[in-house]
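>>> for reference, the sequence and a predicted model appear below.
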Amino acid sequence: MKTIIFDVDDTLYDQAQSFHDTFKALIDDTYSYDEIDRIYRTSREYSEDLFDQSEKGEISVLDWQTGRISKALFDYGIEIDDKKALAFHERYKEAQANITLFPEVKRLLEQLSQKPVRLAVLTNGEEKHQRMKITQLDLTRWIPNDHIFISGAYGVAKPHPDIFKHVEEAIDARSEACVYVGDSFEKDIIGAKQVGWQAVWMNHRKRQPDTESLYQADKEVKSAEGLADTLLTDYTI
């Protein structure tokens, strides 16, 4: 039986929308979509780097959450103090309470749940916050709660191989039958490939791959529609 395991943030839903709404409310509502999106993509790059530092205990979780904002804004000539960075983070977190699945992903999950496919979730982040998103997205409608894994509950995060192997063992899956779907090349694609899983890169942000990496995605898709087509065509009966 195939096992399809999903990342959550910016894979199953558009994480940028919460950022855009927060930026317009707290920073400047005259920026264009493309201008805010560039800042958002920069904040995601900082987020991945600072998350790694927080996991190692080098900085606090709060420093990660506020630093990704202040550093990204600074790169575009916008300086904010710690108080405003915290306010941005809190508003951003509140906005994520209103997230919704990509419509194509919702239909995909409905279809996959009718097929002989095992479904699971593996996401990085603080357990309570990620659980809130999972509840808002209603993922347990299709995915059993004991097939949902949040790195904050285990003390190890993607791309470390231990978290992937833990998932594999917990759901009694075989490495060669596991397919991981995620938006981060470093965290998701490299992480999955290093333990022998297949990997589908949900690259709707059109990022450049690390061509020097020993690992590459088995499939790359550029949209939720493309993701649905690929999983239903290439990874299910």
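Done, it's in.

>>> which residues in this protein form helices?
Per DSSP state H, the chain carries helices over the ranges 16-26, 33-55, 61-75, 82-95, 103-112, 127-136, 161-170, 191-193, 224-234.

>>> quick one, what contacts the nearest residue to Lys115 once chain neighbours are set aside?
What sits nearest to Lys115 in space, not counting adjacent residues and going by CB to CB, 6 or more residues apart in numbering, is Thr236, at 5.0 Å. Just so you know, the C-beta spots here come from the backbone N, C-alpha and C atoms, and that holds for glycine as well. Residues in contact with Thr236 (CB atoms under 8 Å, 6 or more residues apart in numbering) are Lys2, Leu112, Lys115, Val117.

>>> now the third one. Its backbone dihedrals?
Main-chain torsions, Lys115, degrees, to the nearest 10: phi -110, psi 160.

>>> run a quick neighbour tally on it.
Lys115: 15 surrounding residues under other CB atoms under 10 Å.

>>> so Met202 makes contact with Val221?
Yes. With contact defined as CB atoms under 8 Å, Met202 reaches Val221; the gap is 6.0 Å.

>>> okay, and the common contacts of those two?
Counting by CB under 8 Å, 6+ apart, the shared contacts of Met202 and Val221 are Leu227.

>>> what are the contacting residues of stretch 114-127?
1-9, 51, 61, 109, 112-113, 130, 134, 139, 142-143, 147-153, 157-158, 163-164, 167, 171, 173, 180, 187, 235-237.

>>> how close does Trp201 get to Glu186?
Counting by CB to CB, to the nearest Å, the gap from Trp201 to Glu186 is 11 Å.

>>> more neighbours: those two, which one.
Comparing Trp201 with Glu186 by other CB under 10 Å, the one with more neighbours is Trp201, at 25 against 17.

>>> so what's the more buried one closest to, chain neighbours aside?
Ala217 (3.9 Å).

>>> just His129 next, same as before
Once flanking residues are discounted, His129 sits nearest to Lys93: 6.8 Å by CB to CB, 6+ apart.

>>> ok, that neighbour to Asp29 distance?
20 Å.

>>> now do Ala192
39 Å.

>>> can you check the pLDDT for the residue sitting furthest away from the middle of the chain?
Using CA atoms, centre = their mean, the residue of the chain lying farthest from its centre is Thr30. It sits 28.1 Å away. For Thr30, the pLDDT comes out at 97.

>>> repeat for Thr211
87.

>>> same check, this time on Gly152
Gly152 is given a pLDDT of 93.

>>> residues contacting it?
Contacts of Gly152 by CB under 8 Å, 6+ apart are Asn124, Gly125, Glu126, Glu127, Gln130.

>>> can you select the buried ones from the residues you listed in PyMOL?
To isolate the buried members of those in PyMOL, using 16 or more other CB atoms under 10 Å:
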select buried, resi 124+125+126+130
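
>>> any low-confidence regions in the chain?
237 (pLDDT under 70).

>>> domain ranges for it?
As assigned by automatic domain parsing, the chain contains the domains 2-13+99-234, 16-98.
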